[in-house]
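Colleague: Got a sequence here, can you build the structure:
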Amino acid sequence: MEHHQLGTQIATLRKRRGMSQEELANQLGVTRQAISNWERGMTQPDLEMLMKLAAIFETDLDGLMGIKSDIKEEPVELNLKPMKWMYLTQLFSLIGYFVFVVLSPRYEVSGILIILLTFLMMATSIYFVFTHGIKTGDYTLVAGYDKRVHYHDSSLKKMAYITEFYCLFTTLSYSLIYIILSLMQLEISWLFMLLIVVFMIQFIGGILLINVKYRQEIFVEPSEQEEARVGMWIVLVFVSSIMIMVIATIVTQLAFNISNNTVEAGQLVLFILPYIFLNMVGLFLEQNRVKKAVKEQRAYRPDRMTYLIILACLILLVGMIYTGYQTTLR
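Modeller: Predicted structure coming up:
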């Protein structure tokens with residue numbers, strides 16, 4: 001095993017136990033700098049230290065080397081009741097809002113209902129998929145899960161729990177905000193659009209941060225950790241690209257007074273759909289390129305196709321804004 005791979009494994013096992021470099025150094029009778037050098041692949045512990053490390057991490061030498069995982073993981077018991085109550089609160093809030101609006105002569109069914117239904121559909125899929133995974137250990141329905149990858153079960157379970165809690169809390173919070181604003185009968189269209197943008201940034205950003213936090217903990221193999229590290233940045237780039245287009249579309253509509261369900265709005269969509277498609281294709285291609293680079297133990301580099309996709313996206317973005325501007329000249 002190469003020095004940096006062993007160092008990555010030591011760092012992963014240490015973090016999984018919530019130990020600092022100083023604490024591990026004290027148990028081994030070495031300096032903190034020695035631990036730092038091991039984890040960075042600068043030096044390598046001798047056989048005696050490897051045996052001590054294996055004992056501290058409750059594994060054998062193969063487990064320490066990342067060849068196999070013999071780490072003794074205690075079962076993690078998590079309380080799923082908060083998930084259930086958040087989901088039910090969102091469900092019955094929507095039902096109550098719909099019944100109230102239909103029965104009240106002062107209100108009428110508006111586009112807010114579509115937004116609330118979208119939030120509820122997101123919450124429904126998240127609640128049932130993640131709850132099933134946490135209860136059974138089967139995460140095959142979770143996007144990004146790969147059966148071929150070796151995971152630390154307890155860390156994966158904690159990550160799934162925190163992700164589910166965060167997503168349900170976010171969708172519930174924004175649903176209640178939209179219901180309150182709707183009942184206040186505020187005629188501020190830009191505020192509702194702004195909330196959608198803020199929701200997308202918070203929702204996606206939070207999920208990415210959770211993935212970054214647990215990236216080192218959930219994977220067994222150092223190569224899988226490296227693939228996840230590089231892949232996370234690629235996902236961030238393409239997700240940010242799509243969010244830029246969404247924000248630019250909303251700003252264009254507001255700046256040039258383009259209403260929804262109009263011919264002009266439809267023209268903007270003609271730019272948005274291929275833009276999203278290109279980003280999805282680009283994400284797929286780059287993730288495959290990362291896997292190949294990690295497998296061949298070389299640095300990831302974007303190629304000509306990457307830059308062509310970026311150029312095409314820029315053309316679509318500028319074209320969408322210019323099309324919106326053209327509406328003011330008619």
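Colleague: Any idea how far apart the tips of stretch 51-60 sit?
Modeller: Length of stretch 51-60, first residue to last, C-alpha to C-alpha, to the nearest Å: 8 Å.
Colleague: now it, how far from the chain's geometric center?
Modeller: Distance of stretch 51-60 from its chain centroid, counting by C-alpha atoms, centre = their mean, to the nearest Å, is 33 Å.
Colleague: can you pull the buried residues of it?
Modeller: Across stretch 51-60, burial judged by 16 or more other C-beta atoms under 10 Å covers 52, 53, 54, 56, 57, 59. C-beta: built from backbone N, CA, C; applies to glycine.
Colleague: Can you list phi and psi of the fifth one for me?
Modeller: It refers to residue 57. For residue 57, the backbone dihedrals (degrees, to the nearest 10) come out as phi -90, psi 0.
Colleague: That one: what's its closest spatial neighbour, skipping adjacent residues?
Modeller: Closest residue to residue 57 apart from its sequence neighbours, by C-beta to C-beta, 6 or more residues apart in numbering: residue 13 at 4.5 Å.
Colleague: sorry, back to before: and of the buried residues of stretch 51-60, the nearest to residue 101?
Modeller: Proximity of these to residue 101 (C-beta to C-beta) peaks at residue 57, which lies at 57.8 Å.
Colleague: Could you verify my assumption that that closest one touches residue 12?
Modeller: No - counting by C-beta atoms under 8 Å, residue 57 stays clear of residue 12, with 9.7 Å between them.
Colleague: follow-up on the earlier one: biggest separation within the buried residues of stretch 51-60, which pair?
Modeller: Distance extremes for those: the farthest pair is 52 and 59 at 12.0 Å, using C-beta to C-beta.
Colleague: In the stretch 101-250 of the chain, mark out all the helices, start to finish.
Modeller: 112-136, 153-183, 189-218, 222-255 (DSSP state H, counting those that start in this stretch).
Colleague: And the first one, what does it pack against?
Modeller: On a contact count with 3 or more C-beta pairs under 8 Å, 6 or more residues apart in numbering; DSSP states H and E, helix 112-136 meets helix 81-103, helix 153-183, helix 189-218.
Colleague: rank the ones you listed by pLDDT, which is bottom?
Modeller: Comparing mean pLDDT across the helices and strands packed on helix 112-136, the weakest is helix 189-218, with a mean of 81.
Colleague: what angle do it and helix 153-183 make?
Modeller: If you take axes from the mean of the first three to the mean of the last three C-alpha atoms, to 10 degrees, helix 189-218 sits at 170 degrees to helix 153-183.
Colleague: okay, the angle between helix 189-218 and helix 222-255?
Modeller: Computed by the same axes, to 10 degrees, the angle separating helix 189-218 from helix 222-255 equals 180 degrees.
Colleague: Give the buried residues for helix 189-218.
Modeller: Residues of helix 189-218 classed as buried by neighbour count (16+ other C-beta under 10 Å): 192-193, 196, 199, 203-204, 206-208, 210-211, 214-218.
Colleague: now the angle between helix 112-136 and that helix, please.
Modeller: Taking the same axes, to 10 degrees, one finds helix 189-218 and helix 112-136 inclined to each other by 10 degrees.
Colleague: Now do helix 189-218: distance to the chain's middle.
Modeller: Offset of helix 189-218 from its chain centre (C-alpha atoms, centre = their mean): 8 Å.
Colleague: OK, contacts around residue 175?
Modeller: When contacts are counted by C-beta atoms under 8 Å, 6 or more residues apart in numbering, residue 175 touches 90, 93, 94, 116, 119, 120.
Colleague: If you rank those residues by neighbours, which is first?
Modeller: In terms of neighbours by other C-beta atoms under 10 Å, the contacts of residue 175 top out with residue 90 at 25 neighbours.
Colleague: Contacts only, for the nearest residue to it once chain neighbours are set aside.
Modeller: For residue 90, ignoring the flanking residues on the chain, the nearest one in space by C-beta to C-beta, 6+ apart is residue 172 at 4.6 Å. Contacts of residue 172 were listed using C-beta under 8 Å, 6+ apart, and they are 86, 89, 90, 93, 123.
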